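Chemist: sequence unavailable; structure follows:
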């Protein structure tokens, strides 16, 4: 087991204890075997966590759909070497939990560092999604205002008709009419809410599916030895 005492480094820093070397080795081995839960467990055992470890932990949380934990890992990264990748992955993670404005902000910042077609595609997709939602909200507001105007006109007309037809039993008839009108109005509002909810659910599913089909562009940061970083061994998932 001599490799435990070898001089290992990663993109984020140097580890200082034999146990850190061991858990780093185990984590990378589990990652290569796509055993993400086991890899995360090994990373958590590392005492002196580098930015590379936090970055890889963020990627693993993302793969497990634990997007909030992925965000927490990415936000702990300070290295300039990982700034573009971190911002891109933060954008993906925020998009997955529907925090669109935060996702857009990260994509835009990432593009100031590197002009990448994947980041640009995701940014344009989210901007389109945001515009579509704003249009949908405007249409719902307009429709509600029109429905309220129609309801007010109907009530005014019914009040007029009720005044003309009131007689000996006018008060009883008026109360029954009011109950019927209230029920109709309540049913109409509930129907509108139901339809709006169905449309929102369909819209949400559509965008979620598009985002789901977009692969996250992350990089593994493998162990290297001899004090050198091997750029050829850094491969995308």
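Modeler: Now that the structure is in, tell me what you want to look at. As the structure is a prediction and not an experimental result, all values here were calculated from the model.
Chemist: residue 47 contacts residue 22, correct?
Modeler: No. Using CB atoms under 8 Å, residue 47 is not in contact with residue 22, being 11.3 Å away. Any C-beta I mention is one placed from the backbone N, CA and C, and that applies to glycine too.
Chemist: when those two are compared, which one has more neighbours?
Modeler: Taking neighbours as other CB atoms under 10 Å, residue 47 and residue 22 compare with residue 22 leading, 18 against 10.
Chemist: any idea how far residue 46 is from that one?
Modeler: 9 Å (CB to CB, to the nearest Å).
Chemist: quick one, phi/psi of residue 35?
Modeler: Residue 35 adopts backbone torsions of phi -100, psi 80, taken as degrees, to the nearest 10.
Chemist: so that it lines up with my notes, have the first residue be 12 from now on.
Modeler: With 12 as the first residue, the last one maps to residue 46.
Chemist: got a list of what it touches?
Modeler: By CB atoms under 8 Å, 6 or more residues apart in numbering, no residues touch residue 46.
Chemist: show the pLDDT at it.
Modeler: The model reports residue 46 with a pLDDT of 94.
Chemist: what about the helices in the protein?
Modeler: Under the criterion DSSP state H, the chain contains helices at 29-43, 47-56, 62-74, 78-86, 94-107, 111-124, 128-176, 181-223.
Chemist: and stretch 83-98, what's buried?
Modeler: 84, 85, 88, 90, 93, 94, 95, 96, 97, 98 (16 or more other CB atoms under 10 Å).
Chemist: possible to save those as TSV with distance to residue 119 and pLDDT?
Modeler: Shown next, in TSV, are the buried residues of stretch 83-98 (distance: CB to CB, whole Å; pLDDT from 0 to 100):
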residue	distance to residue 119	pLDDT
84	21	97
85	16	97
88	18	96
90	20	91
93	18	94
94	14	95
95	12	95
96	16	94
97	14	96
98	9	96
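Chemist: and the residues you listed, which two are the farthest apart?
Modeler: 84 and 95 (16.4 Å; CB to CB).
Chemist: my read: residue 80 touches residue 72, true?
Modeler: Yes. With contacts counted by CB under 8 Å, residue 80 reaches residue 72, the gap being 4.3 Å.
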